[in-house]
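A.B. asks: Build the 3D model from these lines:
(one chain, ligands or ions: 2)
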Amino acid sequence: MKILVTGGAGFIGGNFAHYMTNTYPNDNIVVLDALTYAGNLETLEPIMNKPNFKFVKGDIRDREFIYKLFDEEKFDVVVNFAAESHVDRSIENPGIFVETNVMGVQVLLDASLKYNVKRYHQVSTDEVYGDLPLDRKDLMFTEKTPLHTSSPYSASKASADLLTLAYYRTYKLPVTISRCSNNYGPYHFPEKLIPLMISRALANESLPVYGKGENVRDWLHVHDHCTAIDLIIRKGKEGEVYNIGGHNERTNLEVVKTILKQLGKSEDLIHFVTDRPGHDLRYAIDPTKIETELGWKPVYNFDTGIKQTIDWYLNNKSWWENIISGEYQEYYAKMYKNRQ
Ligand code: NAD
Ligand code: TYD
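C.D. replies: Ligands and ions are numbered 1, 2, ... in the order given. Have a look, this model is predicted:
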């Protein structure tokens, strides 16, 4: 099988490329990535020279380039991770989210149709369902929960889901969609909560917690997201949506305190800052469908996964220190200056 992994120099796509290249030596994995601020070739360094792996630099919005690549490579499967992925950036600059997350997806859908791809898999997010109240622990997102988005990021991802399902219904393109909860693990860009807090705590810098830190996210180790997508592209039913999550709800404050405890740092580093506009209160995934229909099970719970992740950041300092040395400093100053 030849599999195109778009956005494979990013966090989840990079982990997926490692997983697939190492698990299936007889499959060919091609990563396509535009190498935006979030893409990093160092993430792919451990697999770059494997015989079943290839990297191509390119933009999913570039129709001519994408058609030529599909024509030459004759992919069996396309797994699309390429996206603008940070909610805070979408609040600052929504336009690029529509261009990449919606228009880019349309180019990939057209190319998949034109070149007879056997499965197009769209990597979506639980954020398309909006949020749940903090005081209703009985409520969780199922695949039937209506789409109800809050941020320009989640709105762009929901649009892509609808377009993907339209290509199934109208043109019979064989598609699947997965909607996963918040991921954490190795190679996570340090603008997102967990790696941001780890890198700042190690430097004894203040930890900016939005609002009161009471918002809840449902954390899944990236390895378990990768095994779920692998199962869906092999055994999932065309035209179907699968939720992915492992029942690991934590408030942001609990997450930050867990990190501080493992690093032996003081809770005095915690600094409550102005809340994110439109901040979703709680996400919680009901993964019954993927568990019962496809037999998926996560291997990590939050306690084992966060420990492994913190150890990874301690043992791979050069990976993230390179990132936070350049432009990233300007990003942090700009995004957090009005939050104090
Ligand atoms: P990321 O920001 O770390 O990586 C995105 C990658 O896409 C980067 O390598 C970037 O260079 C590439 N990219 C961006 N625009 C591109 C373009 N126009 N053409 C080609 N490549 C482009 O994101 P991530 O956290 O790895 O998320 C990957 C996917 O998973 C996204 O679609 C996201 O919506 C979804 N998702 C993420 C989470 C999470 O917790 N991070 C949870 C559920 C779903
Ligand atoms: P994030 O990692 O940006 O993921 P998402 O917004 O997609 O869930 O944020 C996770 C949670 O952490 C979210 O409730 C916002 C909060 N947060 C902070 O409190 N401080 C921060 O500096 C960041 C980046 C996030």
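
A.B. asks: Could you use CA atoms for every contact and neighbour count after this?
C.D. replies: Will do.

A.B. asks: Phi first, then psi, for residue 135.
C.D. replies: In terms of degrees, to the nearest 10, the main-chain angles of residue 135 are phi -100, psi 20.

A.B. asks: Make sure residue 109 is actually in contact with residue 164.
C.D. replies: Yes. Counting by CA atoms under 8 Å, residue 109 sits close enough to residue 164 to count as a contact (7.2 Å).

A.B. asks: Check residue 339 and give its pLDDT.
C.D. replies: On pLDDT, residue 339 comes in at 85.

A.B. asks: check contacts around it.
C.D. replies: Under the criterion of CA atoms under 8 Å, 6 or more residues apart in numbering, the contact list for residue 339 reads 273-275.

A.B. asks: can you check residue 157 too?
C.D. replies: The contact partners of residue 157, taken as CA under 8 Å, 6+ apart, are 101-102, 124-125, 128.

A.B. asks: looking at these, which has the most residues close by?
C.D. replies: Greatest neighbour count in those, by other CA atoms under 10 Å, goes to residue 101: 29 neighbours.

A.B. asks: mind checking the SS state of that residue?
C.D. replies: The local conformation at residue 101, judged by DSSP: H, G, I helix; E, B strand; the rest coil, is helix.

A.B. asks: Ignoring the adjacent residues along the chain, who's closest to it?
C.D. replies: Of all residues not flanking residue 101 in the chain, residue 83 sits nearest, at 5.3 Å (CA to CA, 6 or more residues apart in numbering).

A.B. asks: Just confirm the one you found is within a strand.
C.D. replies: No. Under the criterion used here (three-state DSSP), residue 83 is coil, not part of a strand.

A.B. asks: distance of it from residue 34?
C.D. replies: Counting by CA to CA, to the nearest Å, the separation of residue 83 from residue 34 is 10 Å.

A.B. asks: joint contacts of those two?
C.D. replies: Residues touching both residue 83 and residue 34 (CA under 8 Å, 6+ apart): residue 7.

A.B. asks: quick one: which of those two has more around it?
C.D. replies: The neighbour comparison of residue 83 against residue 34 (other CA under 10 Å) goes to residue 83, with 27 against 20.

A.B. asks: who touches the more buried one in this structure?
C.D. replies: The contact partners of residue 83, taken as CA under 8 Å, 6+ apart, are 7, 97, 100-101.

A.B. asks: try 10 Å this time
C.D. replies: 6-7, 10, 33, 36, 38, 60, 96-102, 104-105, 123-124, 153, 156-157 (CA atoms under 10 Å, 6 or more residues apart in numbering).

A.B. asks: Check residue 106 too.
C.D. replies: By CA under 10 Å, 6+ apart, the contact set of residue 106 is 60-61, 63, 99-100, 112, 160, 163-164, 167.

A.B. asks: sorry, back to before: now which of the contacts of residue 339 would you call buried?
C.D. replies: Using 16 or more other CA atoms under 10 Å as the burial test, these include residue 273 as buried.
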